[in-house]
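1. using only what follows, build the 3D model:
(2 chains, ligands or ions: 3)
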Amino acid sequence: MIDCDYLRPDNLEEALGLLKEHGPRATLIAGGTDVMAKIRNTKKTPEVLVSIRGLKDLKYIDKRSGYHIGALTTHRMLEQSELVKAELSALHDGASRVGSVQVRNVATLGGNICNAAPSADTAGPLLVLDALVFMEGPEGIRSVPITEFFTGTYKTVLKKDEVLTEIKIPGEMEHFGSAYWKHSRRKAMNLPILGIAVSLKLEGEIISDVRIALTVAAPTPVRANKAEDFLKGKALSDEALNEAGKIAASTECCSLRDSLRGEAWYRGEIIEVYVPRMARLAAERIAQRRSK
Amino acid sequence: MKKVSVSFTLNGNTVTAEVPVTWTLLKTLREYFELTGAKEGCGVGECGACTVILDGEAVNSCLCPIPEVEGKSVTTIEGLANEDGTLHPLQEAFLKNNGVQCGFCTSGMLMSSKALLDQNPDPTEDDIRTSIAGNFCRCTGYVQIVESIEMAAKESK
Ligand SMILES: Cc1cc2nc3c(=O)[nH]c(=O)nc-3n(C[C@H](O)[C@H](O)[C@H](O)COP(=O)(O)OP(=O)(O)OC[C@H]3O[C@@H](n4cnc5c(N)ncnc54)[C@H](O)[C@@H]3O)c2cc1C
Ligand code: FES
Ligand code: FES
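-> Numbering: from 1, shown residues only, chains lettered A, B, ... in the order given. Ligands and ions are numbered 1, 2, ... in the order given. Model (predicted):
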C-alpha cells in the first residue's frame, strides 16, 4: 500500500457526504476482504478509503412483512441465524460457504453483492429469493430487483456516490423451500466452478412457483426462466425435474462460459444434474418444516 | 507518509500504535510491536497463518486495516499462555499430539481453535474442521491438529 486517507464516518449521512466530497478518488470499504486483497494484489491503493464498518445500524436481520437484511450483515451472522437457515435456506447455504470462518466474520453481504464477482456465493440465493436491493445516495433512496442489479462482471447499477443499505426479501418465504449448491473442488476456501440455486413453492404435489438461478455460468448471475416456465404447474416428479435440468443447461437459458475454473461442457453437465438435486432438496426442506 | 495513532487492547494491555495509515493489523503486530507469532503466509486471507482474535472472533490480521482496530481488543498467540508461563490447554494438547511440525501454521491454528472453544466448548469434529478450514497446514495432514483440539476441549471441561 502507498499513501491514502482512511476515513471512518459514524453514520450513513456522513459516509454519503464523504463519498460526494471525494468523488471518484474515494473507494468504499466494508469488511474489506475484497478491497484489501485487491490492494495487495494490484499494489494500488485508492487515494481515499471511506470505511462503513462502524455503521452498526446497517447490521441486522429482521423479519417484518418480509425479511430485511442490513448491508453490513456478515456472512457469519447469516450462517448462525436460525431464521435464515429455516426460511431463507439458500442464502444460508451460500453465506456458510464463503471463504473461511475468519473471512465470514468480517465479510459482508453488501460487499459480496457490490463486488459483483461472477462467483459471489450469495448472488444465486438472492436471485431465487427475489431480493430487492436498496441503495441510498445524494438523490435519496432507490431500489432495484436483484435481477437488474448486476450489469456485468464486477459491474452493478450502483453509482459511485451511493451506498447499498439493505437487501429485502419480500414476504411469504415460509411457504417456499430453497437450496444452493456451490460446486467446487474442495469443501472450503474455494471459489465455485458453478453455483446453482433453486427455490420452489408446493401446493400439494404441484409446483406452484419456482425460481432457478445459475452463477459463474455466465458473466453475470442469471435466472433460468425457460426451465422455470417449464416446471410451473407441473407435479414434482423426477421426469419433470430432470427435464428442467436439461433446459437450464441448454443455450435457451444462458450461453455457458469457458474459464480457467471450468469448461462450458462440464458446467452444462453439472447444471443438468444439480438443478433437479437442488429442487428436491428445496422440496425436502418444505416437508421438514411442515413436519415440525 | 500519513500516520495514524490507534489505541486498543493487546493481550490485555492498553496500547497505542503510531503507524502509517495503510498498515494492516498484521504488519503493526509484527513490525511495530515486534510480536512475530502471527505469520504472513499469503497476505490475502487465504492461508490463516496471520489469524488473531479481534473482539472474540478469529480474523485474518492481514486483511484488517489498522484504523479499524481503534478501541477493539486483540489477542495474539503471545497472549495465549498464562502470565506465569503455564500453557493454554490447546498448546499442551498440540504438544502432546504432535499437532506441530514446522510450526508456521501453528499460531493461526491455535487462535482459530481458541475462538472456537471460547464460543463452543463442546464442538463436534465437524465444528472443529470448519473452524480451521481457513488455516492451511502443509505438514501435518490436519489429523493430529483435529485430535489436539478435541483433546483440549475434553480437558478444559
Ligand atoms: C480468502 C478469501 C476467500 C473468499 N471466498 C469467497 C467465497 O468463497 N465466496 C464468495 O462469494 N466470496 C469470497 N470471497 C470474497 C469476499 O469475501 C466477499 O465478496 C465478501 O462478501 C465481500 O464483503 P466485504 O464486506 O469484505 O467487502 P469489501 O471488500 O469491503 O467491498 C467489496 C466491494 O463492494 C463495495 N461495497 C462494499 N459494501 C458496500 C456497500 N454497502 N455499498 C456500496 N458498495 C459497497 C466496495 O467498495 C468494494 O468495491 C473471498 C475473499 C477472500 C479474501
Ligand atoms: S497471511 Fe493472512 S491469511 Fe495468509
Ligand atoms: S506444521 Fe508446518 S504448516 Fe502446519
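2. break chain B down into its structural domains.
-> Domain ranges of chain B: B:3-79, B:89-156, per automatic domain parsing.
3. how about these, which one is nearest chain A?
-> domain B:89-156 (2.2 Å; C-beta to the nearest C-beta). For every residue, glycine as well, the C-beta is placed using N, CA and C.
4. that closest one - what's its average pLDDT?
-> For domain B:89-156, mean pLDDT is 97.
5. measure it end to end?
-> 7 Å (C-alpha to C-alpha, to the nearest Å).
6. that domain near chain A anywhere?
-> Yes - counting by C-beta under 8 Å from any C-beta of the partner chain, chain A is contacted by domain B:89-156 at B:112, B:115-116, B:130-131, B:133-136.
7. close to ligand 3, is that domain?
-> Yes - Domain B:89-156 reaches ligand 3 (C-beta under 6 Å from any ligand atom) through B:100-106, B:137-140.
8. report the closest residue of the stretch 1-150 of chain A relative to chain B.
-> For the stretch 1-150 of chain A, C-beta to the nearest C-beta, closest residue to chain B: residue A:100, 2.2 Å.
9. the residue in the stretch 151-292 of chain A that chain B sits nearest to: neighbour count?
-> Across the stretch 151-292 of chain A, no residue is closer to chain B than residue A:188, which sits at 3.6 Å (C-beta to the nearest C-beta). By the criterion of other C-beta atoms under 10 Å in any protein chain shown, residue A:188 has 15 neighbours.
10. give the contact list for it.
-> A:97, A:99-100, B:130, B:133-134 (C-beta atoms under 8 Å, 6 or more residues apart in numbering or on different chains).
11. residue A:189 is in contact with the residue of the stretch 1-150 of chain A closest to chain B, correct?
-> Yes - in this structure, residue A:100 is within contact of residue A:189 by C-beta atoms under 8 Å, at 5.8 Å.
12. who has more neighbours, these two?
-> The residue with more neighbours, out of residue A:100 and residue A:189, is residue A:100; 25 against 19, by other C-beta under 10 Å.
13. rewinding a little: near ligand 2, from the residues of domain B:89-156 next to ligand 3?
-> Okay, of the residues of domain B:89-156 next to ligand 3, nothing touches ligand 2 (C-beta under 6 Å from any ligand atom).
14. reformat these as a markdown table; add neighbour count.
-> Listed next are the residues of domain B:89-156 next to ligand 3 as a markdown table, based on neighbours: other C-beta atoms under 10 Å in any protein chain shown:
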| residue | neighbour count |
| --- | --- |
| B:100 | 20 |
| B:101 | 15 |
| B:102 | 10 |
| B:103 | 11 |
| B:104 | 17 |
| B:105 | 27 |
| B:106 | 24 |
| B:137 | 22 |
| B:138 | 11 |
| B:139 | 15 |
| B:140 | 20 |
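15. quick one: these as JSON lines, columns for secondary structure and distance to residue B:7 too.
-> What follows is the residues of domain B:89-156 next to ligand 3, written out as JSON lines (DSSP: H, G, I helix; E, B strand; the rest coil; distance: C-beta to C-beta, whole Å):
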{"residue": "B:100", "secondary structure": "coil", "distance to residue B:7": "34"}
{"residue": "B:101", "secondary structure": "coil", "distance to residue B:7": "38"}
{"residue": "B:102", "secondary structure": "coil", "distance to residue B:7": "35"}
{"residue": "B:103", "secondary structure": "coil", "distance to residue B:7": "31"}
{"residue": "B:104", "secondary structure": "coil", "distance to residue B:7": "31"}
{"residue": "B:105", "secondary structure": "coil", "distance to residue B:7": "30"}
{"residue": "B:106", "secondary structure": "helix", "distance to residue B:7": "29"}
{"residue": "B:137", "secondary structure": "coil", "distance to residue B:7": "34"}
{"residue": "B:138", "secondary structure": "coil", "distance to residue B:7": "37"}
{"residue": "B:139", "secondary structure": "coil", "distance to residue B:7": "38"}
{"residue": "B:140", "secondary structure": "coil", "distance to residue B:7": "38"}
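16. pull the CA atoms of stretch A:248-260 into CSV?
-> As requested, C-alpha coordinates have been extracted for stretch A:248-260 and formatted as CSV (Å, rounded to 0.1, in the frame of the first residue of the first chain):
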residue,chain,number,x,y,z
ALA,A,248,-31.4,-25.0,-17.7
ALA,A,249,-28.2,-26.4,-19.2
SER,A,250,-29.2,-25.6,-22.7
THR,A,251,-28.4,-22.5,-24.7
GLU,A,252,-32.1,-21.4,-24.2
CYS,A,253,-31.2,-20.3,-20.7
CYS,A,254,-27.7,-18.9,-21.0
SER,A,255,-24.5,-19.3,-23.1
LEU,A,256,-22.2,-21.1,-20.8
ARG,A,257,-18.6,-19.8,-20.5
ASP,A,258,-15.3,-21.5,-20.6
SER,A,259,-12.9,-20.3,-17.9
LEU,A,260,-9.9,-21.4,-16.0
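17. for it, which positions count as buried?
-> If you call a residue buried by 16 or more other C-beta atoms under 10 Å in any protein chain shown, then stretch A:248-260 has these buried ones: A:248-250, A:253-254, A:256-257.
18. just give me the least confident of these.
-> Of all these, residue A:253 has the smallest pLDDT value, namely 72.
19. what's the distance between the residue of the stretch 1-150 of chain A closest to chain B and residue B:45?
-> Counting by C-beta to C-beta, to the nearest Å, the gap from residue A:100 to residue B:45 is 8 Å.
20. for the residue of the stretch 51-200 of chain A found nearest ligand 3, helix, strand, or coil?
-> The stretch 51-200 of chain A approaches ligand 3 most closely through residue A:189 (14.9 Å), counting by C-beta to the nearest ligand atom. Three-state call for residue A:189 (DSSP: H, G, I helix; E, B strand; the rest coil): coil.
21. show me what contacts it?
-> A:99-100, B:46, B:133-134, B:136.
22. the residue in chain B that ligand 1 sits nearest to: neighbour count?
-> Closest residue of chain B to ligand 1, C-beta to the nearest ligand atom: residue B:45 (3.3 Å). When neighbours are counted by other C-beta under 10 Å, residue B:45 registers 26.
23. next, it: phi, psi?
-> Dihedral angles of residue B:45 (phi, psi; degrees, to the nearest 10) stand at phi 80, psi 0.
24. these two touch, right, it and residue A:37?
-> Yes - Residue B:45 lies in contact with residue A:37 (C-beta under 8 Å); the separation is 5.9 Å.
25. packing partners for the helix or strand where residue A:229 lies?
-> Per DSSP states H and E: residue A:229 is located in helix A:225-231. Other elements packing on helix A:225-231 under the criterion 3 or more C-beta pairs under 8 Å, 6 or more residues apart in numbering or on different chains; DSSP states H and E are strand A:206-215, helix A:238-249.
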